[in-house]
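> I'll drop the sequence and a predicted model, then ask my questions.
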Amino acid sequence: GQQVMQIPQYQHVQEGEDFTTYCNSSTTLSNIQWYKQRPGGHPVFLIQLVKSGEVKKQKRLTFQFGEAKKNSSLHITATQTTDVGTYFCAGLKDQAGTALIFGKGTTLSVSS
Amino acid sequence: DAGITQSPRHKVTETGTPVTLRCHQTENHRYMYWYRQDPGHGLRLIHYSYGVKDTDKGEVSDGYSVSRSKTEDFLLTLESATSSQTSVYFCAISPRLGGPYNEQFFGPGTRLTVL
């Protein structure tokens, strides 16, 4: 079946360093979404990418959708302790797809 | 946060007992989902609903059943709980399935422990 893989599984950085998580699908996606889950919390929607090659920014966060619509990345510039949490990508196979397929997530820890 | 509540928030039960988790929404969204979250597995879809009395299976549906008799309520039942069903369960809702603006809004979660 369709799989969405995320790497790395864990990442520890010093505050101020950059961070990137990568998401790869075995099949072409119609769109991809990113969610953040703080420790002890629930996933919260961050952004959705729909177009091939799309790049979106939210303050220090930059999201990219690959040209082939099979991969995506989330880059955080100058991490802060508030960035701690698990970042999930989730892909939708097609416009009439039944449900999102979530990656296993990348857990980010930040030390000050 | 979207109007989603889950009950109970925590439950400890014994193997073999039935358990029902409730998800309640006030957003009138059509789609509702049940996920389980386990270390190393991320979020896995159990069942979802695309309308009242309309449900379908997800990736890990064995041992679970669902019901949706009203738009606002989606119930997840473990007919006979097993230790492998110890997990954190999240309910989610979304206004649509495909296309843009189909983000999911998650409830606070239910931590279930089966002894």
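Good, I have the coordinates.

> Tell me how many other residues crowd the nearest residue to A:Glu17 once chain neighbours are set aside.
Taking C-beta to C-beta, 6 or more residues apart in numbering or on different chains as the measure, A:Glu17 lies nearest to A:Thr79, with 5.8 Å between them; neighbours along the chain are not counted. Heads up, the C-betas are built off the backbone N, CA and C, glycines and all. A:Thr79 is flanked by 21 other residues according to other C-beta atoms under 10 Å in any protein chain shown.

> Check what pLDDT A:Thr79 gets.
The predicted local confidence for A:Thr79 comes out at a pLDDT of 98.

> Next: the one 5 residues further on.
For A:Val84, the pLDDT comes out at 98.

> show me the contacts for A:Leu49.
Applying C-beta atoms under 8 Å, 6 or more residues apart in numbering or on different chains, one finds that A:Leu49 lies in contact with A:31-33, A:56, A:63-65, A:72.

> which residue packs closest to it, ignoring adjacent ones?
Using C-beta to C-beta, 6+ apart and skipping residues adjacent in sequence, the residue nearest A:Leu49 is A:Phe65, 3.8 Å away.

> Any regions of chain B where pLDDT drops low?
Under the criterion of pLDDT under 70, the regions of chain B flagged as low confidence span B:1-2, B:97-101.

> Show me which residues of it sit near chain A.
B:33, B:35, B:40-45, B:48, B:56, B:58-59, B:90, B:92, B:97-109 (C-beta under 8 Å from any C-beta of the partner chain).

> Select from those residues every entry located in helices.
With helices defined by DSSP state H, no entry of those lies inside them.

> Fine, thanks again, bye for now.
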